[in-house]
Structures are given as C-alpha cells and as structure tokens.
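S.K.: The following comprises the amino acid sequence and a computationally predicted model.
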Amino acid sequence: MSDTAPSLDQVRREIDEEVRAKRASGALPPSLERELDLAFDKFAPVGALDNDFGEALKAADRAAFVNVAVPTASSKPGVSFVKRLLRKAMAWYLNYLAQQVTAFGSATVRALRALGERLGAIEAQIGEVRPAVDDGSERPPVAPDLSEWVELVVARMNGARGRVLHAECGDGAMLRALTAAGVDAYGVDPRGPLVDGAVAAGGDAWPDDPLAHLGAVADHGLGGLILSGCVDRLSLARQRSLVELAARKLAGGAPLVLIGTDPRAWERVTPALEADLAPGRPLHSATWQHLLERAGFAGVAVTDGRVEGLERVPDSAAGAAVINANLDKLGQALFGPATFAVAAVRST
Amino acid sequence: MSAVHQFIPSFVSRDAIGAHTLQVRSVLQEMGLRSEVFAENTSPDLEPHSRPYESYRPKPGDWLLYQASTGSKVAEYLLGRPEPQIVNYHNVTPASTFGRWEPRLADEMADGRRQVAKLASVARHGLAVSQYNEAELKEMGYRSTSVTPLLLDFSTFDHDVDRPTLDWLSRLRDRGGASILFVGRIAPNKAQHDLVKALIAYRTLYDPAARLHLVGGASSPAYFDALRRFVGHTGVRDSVDFAGSVSDAVRSSYFRGADVLLCLSDHEGFCVPLLEAMYNGLPIVAYASSAIPETLQGAGILLDSKEPVVVAAALHRVLSDEALRSRLVEAGRRRLADFSLDRTRRTFAEAISAVLAEGAG
Amino acid sequence: MKVAFVVPRYGVEVTGGAENAARMLAEHLVAEGVWDAEVITTCAQDAMTWEDVYQPGPEVVNGVPVHRFRSKAGRDPGFHPYSGRLLTSPSQATVEEADTWIDLQGPLCPDVVDAAVASDADVVAFYPYLYYPTVRGLPLVGARGIMHAAAHDEAPIRLPVFPSVFTTAAGLVFHTYGERALVQRLFPVADRPQIVLGLGVDQRHGDPTDARTALGIGDRPYLCCVGRVDEQKGCVALWRSFLAYKERRPGPLALVFAGQVVDRPPDHPDLIVTGPVDEDTKWGLMAGSLGHVSPSAMESFSIVMIEAWMAGVPAVVNGRCDATVEHCVRSGGGLWFSSYGELEAVIDRLVGDAALRARLAAAGRHYADANFSWPVILARYRRFLDGVVARAVGRRGAT
C-alpha cells in the first residue's frame, strides 16, 4: 500500500484544488449548498418526547396556541358548505375563547419556564455541594508565576489547529508567549483587574469564570487548552466537570496542558487568604492523570516542576561536594516540587 | 476437553455477524474445542446450528464468547454467569445518531452500549474487529483486548448475478451518466441524505445524467420517510434508485453494474460493503469516519469533508481518470488479501489460544 | 486592507441604532485612512417597509463608497400576523417557518448577498443579526465574515435560523458585555474571536447659557432626557414619576425632554418639551443639567449616555436595562433606579450633593474617554480586523 499512499495524497490535493476552482467559477450557485443542508433538516422530526424537561416544555408551548380555523373539508356533498357557514357564524365566539385559552396557555408555559430555570439553578448549586461560587472577587489579583512552564506549554500548543484557551490566564504572560510563537491563544480569568492588565498588554482575555466559559464553547471547538489556577481551588465536583468539559470541548487530537500545585506544597506556596477561602483543594498529579485518561485523553504525561531546595554552601568550602549533594537530597525529601504539568492529547 | 460456546442475540444467515459466528465455531472446533451457538432469535435456515440461550447447561472448563452488536437479553443473562467470558465486539451504533429519528431504537442502542460496558467487569478479554472498536472497548474499561478482523468468506460475495438487474444497469450505462452505489441499511448513521446532496452537486457540476443506487432495507422508517421526501423536494426522484432489501444475486449485480462505491457514513464499526466493492473491482470514495480509514487502508479516496462539492469533485476524479481507477482497484485487491479467510482464521485462533492460556495460567 | 459593511439600510437620513453605528464606524475608518471601507446595502430608508427610496448603484456618502441594490421585496403585508403567531413560541418554530419569517420581514435582497460574496474586501462585516442580508449572506462569505450582532433578549433571537448564523461568524462584535453574555447563553460561541467594542462618540462643545436661552429654560435647575420622547423609551413612566416627585418635593427643579416627540407629555410647568434640537444646543443642554436621565429599559448601548458623560454630567438610568446599568457599574459614573422610591432617592442625592455630582461626572468622563473616543475605538477595531484576516489567511493556507 505504501506506493499508492503518497500519490493518493496528491490526488486529494488536486481534488481540493478542483473544489476551489469550481466554487470560484460560480458553477455551483453559492446558495445551493446551504439550501441542500436546510432542505433536509426541514423533513427531520423536531425531536422525540422523553423525560427531557426542555422537550416537554416545547410540546406544551406548541399546544398553547389554539387555532380557530376549523378544517371544513368533507367528502359528503353540502357538508363542507355547512361547516364553512358554521365556522363563519361562530367565529366571533371562537376567537374570543381562543384568545383567552391561548393567553392562558402562554402564561402557563412562561411560568413553567421560569420554574424550570429556577430548578436548573438550584440543581447546579446542589451539584457543587458548596453553594459559594468563586467569582474571583475574594481572591487577591495576584498573577501566578507560570514562567517555568512556558517552554513546555508553547511546545505542546505549537501547531494547534484552532484557538487555544488558557483558563485561568492571570495577567496574560502565558498568552503573550503563545501569541509570540504564532498560536491563536486567548484566555479567561474571573479576576477582573488581572484581565484588564492582560488586555492592556495586548492579550485577548475575558473576565469569565473558566467553567461557565468552557460550557459556552462549541463542542470540539477548541484547538488546545491550558488549565491552571482554577484546577487547584475548585471543589471536587467542579474539578471533575472541568475534566469532562475539557474532553467535550477539545477537538480530536488537540493538546491539553494542566498546571497544578502539588497538594504537599499547596499550604507553603499559596497566600493564606486564597488557600483558606478556596472551595476545594488541589489534586495530586496522579489523580489528574487518572481523571484525564478516563475522560478520553491519550498520552497523558506528568512533568514535575522545580524543587526550591536548601541554600547550598559555596563550592570552595571544605567538603562542599558532599554537603551540597546531601542538601539537595534533603531539599527533595522535605519539599518536593511545588508544581507539576500534566500534558495530554484528546483522543480522536 | 474444554469448550468455548458462543452467545448471540440474533443469529441470521445473511448477516455478516451471523456468518462470522459460523466461521468462529468452525475455527474453535478445529482447535479441538467444543463449541455451540446459543441465540435469542435464529433465522429458520440456521435452526439446526443453534439453541435457545436459556437452554445452556454449564460444564466445568466452559468459556462463553459473546457476539456483541446490539442491546439484548443475552447480555443480561451473561452478566449473571460465573463462567469466564470473552466479548467479540462488532460495535453498537451510538444512540446519538438515531436519537431524533427513532427514540425507541436509540434507547436500545444506548442499552446495548451500557451492556457491553457492564460486561467489562466480568469479561476476561475483548476481541474487536477493528482498532477503532478496540479503542472503544478500552474506553469502556476492558483491560485485555486484541484486534481480530471479521471472518469473511469471500466466496459468499460471489453469487450468480441477477440478469434482469444487470441488464437494466447496463442499459442505463449505455444511455450515459455514472452509476453511484451505496450498500447499507437506510439509517441516519449511514447518512444517505449526504449521498443525495453529493449526487445533486455531481449532477450540477459534472454529469447531469448521474444516478444514485441505494441498496439496503430501512432501519429507521422516520429517516427513510424524510429521505424520500428530501429526494422528491430536490427534484432528483428519477435519479435515485431505492433498491430496498435485495437478494444476494441482485446485490452482486449492483456491485458489477455500478461505476463507483460512495460511502459517507458517520459511523461504521467495520463496513463489509467496502470489501465487497474491492472484491468486485469497484473503486471507492469514502468519508473518513469511524473505522472506515482503517478498513480501507489506502484502497480508496478518503475525504475529510462531506461537503457536496468536495464529494462531487472526488467522484469526478475517480470516474474520469482511468489510471487512478485501476490503481484504486489494484490497491483494493491487495487490501483484500489482508482479510483472506486463511489469515483471519489464523489470527482469530491465535487470539483465542492466548486468552485461554492466560486463563489457565 | 478593506472592510465591507453589509447593512439592511444606510444613509444620513437613516435613523436606527445599528445602521447609524455602521455609518459612523465606516466614516471614521475612511477618514483615518488606515483601512478602506465600503458599504453594501439596499435602497431602503424605512425599516417598517424597506421600500426602495434611494437610487440603486454606486454613491459616495460622507467619503464612504456605498453600493445600493434593489430589494426583491420589502416587508410583506402578511409579516405581522405570521410573526405574531410564530413568536408566541419561537423556539418551537421549524427552520422552514423561521426562514419564511426572515423572508417576509424583509428586506428580501439577494443582490446584496451576492455583492457581499463577490466583494474583494478582506473582511465583510454584517449588521445586525436580525435581517435577511446577515442571515443569508454571512454563511456564504466564509472566514472573512464577521457580525456586529446588536443582539437583544427578544423573541426572534430564539428562532431556529439564528444558531447557524451566530456560529458561522468568524468574529463577533458586541456593544456591551451584557450583549456578549446574552449571546453566550444562547449560542456556543465563547471560543470565537470576539470584541466588546461599543460605539464611538464624537465629543462636541455647546454653551449651557445659549441652550438655556434657546430653549426657554431660564435659570432653573434641571435634569434632561435627550432622545425620542416615546413610551417605549420609558418616557411616560419617567414623567409620571417626575411629577409625583415634584408633588412631594416642590421646588424649581424641571425635567427637559429634547428630541422627536412621539408621545406628548402633559402641559406642566415642570416639564419642558423642546422637540428636536441641533447638536450645539444638545451639548449645551446636557452640560448645563444636573444629570442626564435614560429611562429606557431596552437600550443596547445608549450613545447619548456616553455623550452626557463627555459633556461632564452624571447619568441616571433605568435599573432594568442591562446595557446602561453595565456602563454605570463599570464607570462609577451613574446611578440607577428600578422603582419610584429609588428614583426619588437618586434625584434627592443628585440635587442635594454637588460633590457626588462632581465625582460621578469625573468617573463617567474618564470611562467615556478611555473606551469610546474614536481613536480608541478605531485602534481596537483595526486590531480585531487584523486578527480576523490573519486567521482567514491561515485557514485558507491549511486546506
């Protein structure tokens, strides 16, 4: 097969070329392609009834409108005429009734919809276990230092097909590095002041909650995703939904990098206010690895960050080599790396 | 002597999985294993080869092999069995493709997937007919898996043709215009409506006399109904041939009489008609979804897009470039050799031996 | 680089939020000279009928090349009854019904769509989401098509034709963060390139004394409300509340309505109705007031409110209007009311606390200058367009 494969690629390129030429020549009217798509949808059923509240509501909505145009066709001679006459004679009465019934129906559906929205909101809150949602306002607008991960992130995201999202992007330092490398990157962070700074520095950043934002992205719409910050503080339920959302919103083959804080280092490196008020706690890299693999990510790999060790003695000191080697070991044992990066690829 | 018994929801002779099940039985028996087929439903001609699944009586050393392609009572039954099990996975069509068309069928499919996933906890091994299916098994939590292609006897492709059909097709050919063929059940996941769109584009751009032949019965009445109305609405009623469910002879005639096989399915776990086309020397244009790229392995034009213009341009290329056409046909023949019964039976036997050895050890 | 604006109507005589916004942007872009701009539109002037009024063909309006095409049909007489029924439950409509709704609404102008497709512009910008040219044209221009949606939380946006329109756009331009939030709630577009641009405002200076003289206000203290005097704009509710306020707080304070009168306020010594005024008078009127009131609950941006801040006075807005409240929250330059009680408290504070007035005015002024002065708007918009072009080129290269 190997001898035909490259030449088939060539054929495919020629076909693309042909398509471009045909489109440019106007041989296929531009509207026809769209009409074809719409024409089939026209005949598709609107959606079957099941336990879905939205569908049930739609059905109620549909039934709320009362039509007074009674069908008058009949197979019996004369009957059709009589029906029409009756319809005409009763129109004033029926219209009056129908208006009231329609109004009642519409009001009921509106009330139901409002109820449904309130229920949805309550369900969302219960799902989080903790009612408090982190809107960033309680956190000091201090951007995290992700500089040690820039190289890894840029390498992973380079060549991403489609836009790359960084949540949370902080002051946009990572976005700037990505943009400089030619990646179409943008970011979100719930902390408004940080976002303002990122925008002022030329970044495409938005003051959005990461989960809410991901929810509003088209399925398989993202070309790449970087998660940091939020991953350490969200409640367990939201950490899980973050992973599920990431899997749903990334295109097949798209890269993901998750930068997390090691739980053992969390207390040490996080400002007290932020640590105490966080709804959740950071997860170990192995846990993220497990969650990502289960959610449909492949090639999941963990990279440990720098260890901030103990101060070494000058090399000139007596026995420096032995002492420093032991200091390094001690530092490793005492502190371990503060952060880690989990890189993965959305399976196709 | 130990035994590997097969369990299958529907044991039907003209179905690829039914034929596979018969082949598997003969492989197992050749290996010196006892092997019987237990089914929920059986077509009359296979009655002598099958027993109702409730009649299974366990013996020490028995293994159970489940042919999984749909939701079934058989799977529920197996979930309660203590014997070591193997799942031979042929893929269950994702419910999402049927959802808005046939909610009841979609529920069944969703159940089917749930069952296969549940079986992960009791099954010792998952045999998948393609790497695509194997990936799904792994996703469902199967720890031990391998790929063993469908066991297909190509001689079953080789039928006497149905003369009237072939004559009709050649008369059409004499009048000009290409014959584009698709073989498969009429169902949303097979996306016949995209075939119609492509036909319209191809007729508009290249060949106003081109025709589409859709061979296969309807799995979804709602989809079939919409498809027919769509064909009427777009004014190509006379150019789309709904052949329906046909005899093997008529099916063969279509493969012989057509100019190209076009497949724009959104989901195929393996796609036997591609091999049938290769067998009959028919070039293939296909949309690169699910297991199709794997089954084709370069023996056809693979498209990343279903846009009608793109498909039309690809059809035009294949139908107007004689050198390309023969190259594709040649590539098809070579690809077909990978699926020769000798090879696939050997692969299957090796996989089963390995699983049994593992189980014994 | 060139951007083509596709709008359902265009011209100096056209008074509509979105259309006016497009004209201002086009004129300032052309004047700035970095990007070229052209306009593709119908011959219509009136959004109720879409009747052909202007001559078809090319024309230059305030320096901007405009290409006008005849419509095949304007607003169909059957539109309103049809629409009434359909919009009772818009999400229930079929795509076919919604398509019909778009056609009946008008302007039905395939020539505008074809011209948009044929245009050699690097970016094709459609205004607003609601009409035929956008719905039919945007899907056909590919990666160079962006949309200034001007979306409102209204029934039509739930018609099933619009998801594909919003998700097709290669870029989305919003007036406010509120509009962006609405669109993200309705359509999966959060990852699309987008910008909250707002509208540019030309600052002018008017003399307060001249305005007082010209409008016969004398030396009374007053609040002003500039814009169409219309119940739909909240004016009726405003004057009722204001008259109630005056009964409880007798004094010299007046309320001045300046703008075209649709619903006439009652004759009352504390209500001054001037009718339309020229620009100098308008700016003078605003600068001399204690504050500018925007009673409308339906504004999508409210240029006049930004103008009032540029004129150096605080803003008072309807608390039910997301867009104007958003301006107040982000700027710290205004107060809002959702009931008579709140309005009374707001007026009391504004009238009685000069230091508060000065603080609100300064904050509003800073916000308006930093976000909505033309050089800022143009620079941000051009940067956004550059991004759209870069992506379109990238995508073409990738196929």
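M.R.: Okay, I see it.
S.K.: in the stretch 51-200 of chain A, which segments are predicted with low confidence?
M.R.: A:51-56, A:58-59, A:61-77, A:127-138 (pLDDT under 70).
S.K.: Would you mind listing what in chain C touches chain A?
M.R.: C:85, C:88-89, C:91-92, C:94-96, C:99, C:110, C:113-114, C:117, C:136, C:139-140, C:167, C:177, C:184-185, C:188-191, C:193, C:387, C:391, C:394, C:398-399 (CB under 8 Å from any CB of the partner chain). No exception for glycine: its C-beta is placed from N, CA and C like everyone else's.
S.K.: same thing but 7 Å
M.R.: Contact residues, chain C versus chain A (CB under 7 Å from any CB of the partner chain): C:85, C:88-89, C:91-92, C:94-96, C:99, C:117, C:139-140, C:167, C:184, C:188-191, C:391, C:399.
S.K.: just for chain B, where's the confidence low?
M.R.: Scanning chain B residue by residue, the ranges that satisfy pLDDT under 70 are B:1, B:360-361.
S.K.: do you know how far B:Ser247 is from B:Thr165?
M.R.: The spacing between B:Ser247 and B:Thr165, counted by CB to CB, to the nearest Å, is 9 Å.
S.K.: longest helix anywhere in chain A?
M.R.: When chain A is scanned for its longest helix (criterion: DSSP state H), the result is helix A:79-127.
S.K.: So what does the closest residue to B:Ser340 other than its chain neighbours look like in phi/psi?
M.R.: Residue nearest to B:Ser340 in three dimensions, not counting chain neighbours: B:Phe154, with 7.5 Å by CB to CB, 6 or more residues apart in numbering or on different chains. Main-chain torsions, B:Phe154, degrees, to the nearest 10: phi -60, psi -20.
S.K.: Verify the stated contact: B:Phe154 with B:Tyr279.
M.R.: Yes: here B:Phe154 lies in contact with B:Tyr279, judged by CB atoms under 7 Å, at a distance of 5.8 Å.
S.K.: More neighbours: which of the two?
M.R.: Between B:Phe154 and B:Tyr279, B:Tyr279 has the larger neighbour count (other CB atoms under 10 Å in any protein chain shown), namely 19 against 14.
S.K.: If you drop the residues flanking it in sequence, what lies closest to that one?
M.R.: B:Phe157 (4.7 Å).
S.K.: Isn't the one you found up against B:Glu276?
M.R.: Yes: counting by CB under 7 Å, B:Phe157 does reach B:Glu276; the two are 5.3 Å apart.
S.K.: And B:Gly257, how far from chain A?
M.R.: Distance, B:Gly257 to chain A, using CB to the nearest CB, to the nearest Å: 25 Å.
S.K.: Ignoring the adjacent residues along the chain, who's closest to that residue?
M.R.: That would be B:Leu169: by CB to CB, 6+ apart, it lies 3.0 Å from B:Gly257.
S.K.: show me what contacts the residue nearest the centre of chain A?
M.R.: With distances taken as CA atoms, centre = their mean, chain A has A:Leu214 as the residue nearest its mean C-alpha position (2.2 Å). Contact partners of A:Leu214, counting by CB atoms under 7 Å, 6 or more residues apart in numbering or on different chains, are A:Leu245, A:Lys249.
S.K.: List the contacts of the spatially closest residue to B:Arg185 that is not a sequence neighbour.
M.R.: Leaving out its chain neighbours, the residue that sits closest to B:Arg185 by CB to CB, 6+ apart is B:Ser219, at 4.3 Å. Applying CB under 7 Å, 6+ apart, we find B:Ser219 in contact with B:Arg185, B:Ile186, B:Ala187.
S.K.: Would you map out the domains in chain B?
M.R.: B:3-152+B:340-360, B:155-337 (automatic domain parsing).
S.K.: got CSV for those, with distance to A:Arg20 too?
M.R.: Shown next, in CSV, are the domains of chain B (distance: least, CB to CB, whole Å):
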stretch, distance to A:Arg20
domain B:3-152+B:340-360, 31
domain B:155-337, 9
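S.K.: which residues of the chain fall in strands?
M.R.: With no chain named, the answer covers chain A. A:164-167, A:185-188, A:205-206, A:224-228, A:255-261, A:297-304, A:339-346 (DSSP state E).
S.K.: That was the other one, I meant chain C.
M.R.: Under DSSP E, chain C gives strands at C:2-6, C:36-42, C:57-61, C:64-69, C:123-126, C:145-148, C:171-174, C:194-196, C:222-226, C:254-258, C:271-275, C:291-294, C:315-318, C:334-337.
S.K.: can you put the ones you listed in CSV and add mean neighbour count, distance to chain B and mean pLDDT?
M.R.: Formatted as CSV, the strands of chain C follow (neighbours: other CB atoms under 10 Å in any protein chain shown; distance: least, CB to the nearest CB, whole Å; pLDDT from 0 to 100):
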stretch, mean neighbour count, distance to chain B, mean pLDDT
strand C:2-6, 24, 24, 97
strand C:36-42, 24, 25, 96
strand C:57-61, 13, 32, 95
strand C:64-69, 21, 26, 97
strand C:123-126, 27, 21, 97
strand C:145-148, 26, 17, 96
strand C:171-174, 24, 22, 96
strand C:194-196, 20, 26, 95
strand C:222-226, 24, 51, 97
strand C:254-258, 23, 53, 96
strand C:271-275, 18, 55, 93
strand C:291-294, 27, 45, 96
strand C:315-318, 26, 42, 94
strand C:334-337, 22, 44, 90
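S.K.: need those strands in CSV with distance to C:Ala370, can you?
M.R.: As requested, the strands of chain C are exported to CSV (distance: least, CB to CB, whole Å):
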stretch, distance to C:Ala370
strand C:2-6, 24
strand C:36-42, 25
strand C:57-61, 30
strand C:64-69, 27
strand C:123-126, 24
strand C:145-148, 21
strand C:171-174, 18
strand C:194-196, 14
strand C:222-226, 23
strand C:254-258, 27
strand C:271-275, 31
strand C:291-294, 19
strand C:315-318, 16
strand C:334-337, 16
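S.K.: Please parse chain A into its domains.
M.R.: A:5-32, A:53-127, A:147-346.
S.K.: So which of those domains is nearest C:Pro77?
M.R.: domain A:53-127 (18.8 Å; CB to CB).
S.K.: roughly how far apart are the one residue in the stretch 201-350 of chain B that gets nearest to chain A and C:Ser83?
M.R.: Ranked by CB to the nearest CB, the top residue of the stretch 201-350 of chain B for proximity to chain A is B:Ala226, at 3.8 Å. Going from B:Ala226 to C:Ser83 by CB to CB gives 27 Å.
S.K.: Local confidence estimate at C:Ser164?
M.R.: Listed pLDDT for C:Ser164 reads 93.
S.K.: number of nearby residues for it?
M.R.: 17.
S.K.: what's the closest non-adjacent residue to it?
M.R.: Closest to C:Ser164 by CB to CB, 6+ apart is C:Pro139, at 6.7 Å.
S.K.: likewise C:Phe187?
M.R.: That would be C:Phe166: by CB to CB, 6+ apart, it lies 4.2 Å from C:Phe187.
S.K.: Could you grab the helix/strand/coil label for B:Asp225?
M.R.: Recorded secondary structure, B:Asp225: helix (DSSP: H, G, I helix; E, B strand; the rest coil).
S.K.: ok, so what distance separates the residue nearest to B:Arg185 from C:Val14?
M.R.: Counting by CB to CB, the gap from B:Ser219 to C:Val14 is 55 Å.
S.K.: before we move on, what about A:Cys230?
M.R.: For A:Cys230, the distance to C:Val14 - CB to CB - is 46 Å.
S.K.: if we look at stretch B:265-272, which residues are touching it?
M.R.: In contact with stretch B:265-272 (CB under 7 Å, 6+ apart) are residues B:16, B:90-91, B:93-94, B:97, B:129-130, B:133, B:150, B:152, B:184, B:189-191, B:263, B:287, B:289-292, B:295.
S.K.: Alright, I will stop here.
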